[in-house]
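Undergrad: kindly return the folded structure for what I paste below:
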Amino acid sequence: MIRGTAQLVGMLLLVIGGYWLFLFLSQRRILFPAPSTAGAPPRPSDAHQVWLSLDGGRTEAWYLPPLVPPVRPVPLLLFAHGNAELMDYWPDSFQDPRRWGMAVLLVEFPGYGRSGGRPAESTVRSSFLAAYDWATAHDEVDPQRIVGYGRSLGGGAIGLLARERALAAIILESAFASTRPFAARLGAPGFLIRDPFDTAEAVKAFDGPLLVLHGEFDEIIPMKHGRELAAAGNGELHLLPCGHNDCPRSWDLILDFLLTHGIVDRNVQR
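TA: Numbers count the residues shown, from 1 in each chain. Predicted structure coming up:
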């Protein structure tokens, strides 16, 4: 009986170990489901294509200048999208900040769209550091007024950036505190996560203003992540009546936040 129980336990441990190994090896395909570019909107005529040189291949970015005559240098929103998105989807969403006199830099993840390399925390970090360094070397951009804006997985990218570069402010929308808690959904321990994106730790170390926007009905990244991020960074939290992918951009809240912290000019037109 004892021998039979030991064999059963051994088989169970073998099955669990095999399952965990499968998750460990396949998790990046789950975390980074890069969509096809087929059917994606074309690059707008006023978007300047930028290629960022990295060790694993070039990453693409689009620079969107202000829609009003700029008083140079201009503030910049450096944007990171979600894990199942492309930057191609986003230019039309940023008309409001461009009318405020801001520039926008949309940065692609490695392995997404036309960008080379493979997506991972380390390569995402390299891409966003390169994007920031490109922006600070751009004559039109004010390096003292670069705001990191991350949505969903993009919040993790902005957290990585904030650890190593000076941001005037951070905006996190529908973002997670870390990817580790999501391992439990798949019946695995958090230590198996290869790309933890510890955003809560990043904003805890950030000494600038933080705005957190999160849907009350978000079933993909629960609302508690937004609360944790705001608490970690002593930030401003706004809970929105939406889920994860149906939240409209909260431009009025974002403008008030940017005005409060002196990032955009007070005479902007809403």
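Undergrad: helix or strand with the lowest mean pLDDT in this structure?
TA: Across the helices and strands of the chain, the lowest-confidence element by mean pLDDT, DSSP states H and E is helix 2-31, at a mean of 64.
Undergrad: wasn't residue 61 part of a helix?
TA: No - counting by DSSP: H, G, I helix; E, B strand; the rest coil, residue 61 is not found in a helix; it is strand.
Undergrad: that one and residue 53, how far apart?
TA: Distance of residue 61 to residue 53, given as Cβ to Cβ, to the nearest Å: 12 Å. (Glycine included, C-beta is placed from N, CA and C.)
Undergrad: which of these two has more neighbours?
TA: Set side by side, residue 61 and residue 53 show more neighbours around residue 61, with 24 against 9, by other Cβ atoms under 10 Å.
Undergrad: tell me the pLDDT of the nearest residue to residue 236 once chain neighbours are set aside.
TA: Distances taken as Cβ to Cβ, 6 or more residues apart in numbering place residue 211 nearest to residue 236, at 5.1 Å, with adjacent residues excluded. Looking at residue 211, its pLDDT is 98.
Undergrad: repeat that for residue 109.
TA: 97.
Undergrad: could you look up the SS state of the closest residue in space to it that isn't next to it in sequence?
TA: Closest residue to residue 109 apart from its sequence neighbours, by Cβ to Cβ, 6+ apart: residue 119 at 5.1 Å. What three-state DSSP gives for residue 119 is coil.
Undergrad: and the residue nearest to residue 236, what helix or strand is that in?
TA: Using DSSP states H and E, residue 211 maps to strand 210-215.
Undergrad: buried sites along the next helix or strand after that strand?
TA: Downstream of strand 210-215, the next assigned helix or strand under DSSP H and E is helix 223-232. Under the neighbour-count criterion of 16 or more other Cβ atoms under 10 Å, helix 223-232 has 223, 225-226, 228-230, 232 buried.
Undergrad: stretch 145-165 now?
TA: For stretch 145-165, by 16+ other Cβ under 10 Å, it's 145-162, 165.
Undergrad: for residue 103, give me its contacts.
TA: Counting by Cβ atoms under 8 Å, 6 or more residues apart in numbering, residue 103 touches 63-66, 70, 74-77, 140-141.
Undergrad: then residue 211?
TA: Here residue 211 is in contact with 169-172, 235-236, 238, 253-254, 257 (Cβ under 8 Å, 6+ apart).
Undergrad: residue 120 against residue 195, yeah?
TA: Yes - assessed by Cβ atoms under 8 Å, residue 120 is found in contact with residue 195 at 5.8 Å.
Undergrad: just the pLDDT for residue 183.
TA: 77.
Undergrad: actually residue 257, not the one I typed
TA: 98.
Undergrad: same check on residue 191?
TA: On the pLDDT scale, residue 191 gets 79.
Undergrad: ranges for the strands of the stretch 151-270 of the chain?
TA: 169-173, 210-215, 236-240 (DSSP state E, counting those that start in this stretch).
Undergrad: let's see the first one as PDB, backbone CA atoms only.
TA: Listed next in PDB are the C-alpha coordinates belonging to strand 169-173 (Å, rounded to 0.1, in the frame of the first residue of the first chain):
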ATOM      1  CA  ALA A 169       5.400  61.700 -15.000                       C
ATOM      2  CA  ILE A 170       3.900  58.200 -15.500                       C
ATOM      3  CA  ILE A 171       0.400  57.300 -16.700                       C
ATOM      4  CA  LEU A 172      -0.700  53.700 -16.300                       C
ATOM      5  CA  GLU A 173      -3.900  52.500 -17.800                       C
END
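Undergrad: in contact with residue 41, which residues?
TA: Counted by Cβ under 8 Å, 6+ apart, residue 41 has contacts 88-89, 91-92.
Undergrad: where's the residue nearest the centre of the chain relative to residue 191, distance?
TA: Taking Cα atoms, centre = their mean, the centroid of the chain lies closest to residue 154, which sits 1.0 Å from it. Residue 154 is 25 Å from residue 191, where distance means Cβ to Cβ.
Undergrad: ditto for residue 107
TA: 29 Å.
Undergrad: between those two, which has more neighbouring residues?
TA: Counted by other Cβ under 10 Å, residue 107 and residue 191 do not tie: residue 107 has more neighbours, with 29 against 8.
Undergrad: good, wrapping up.
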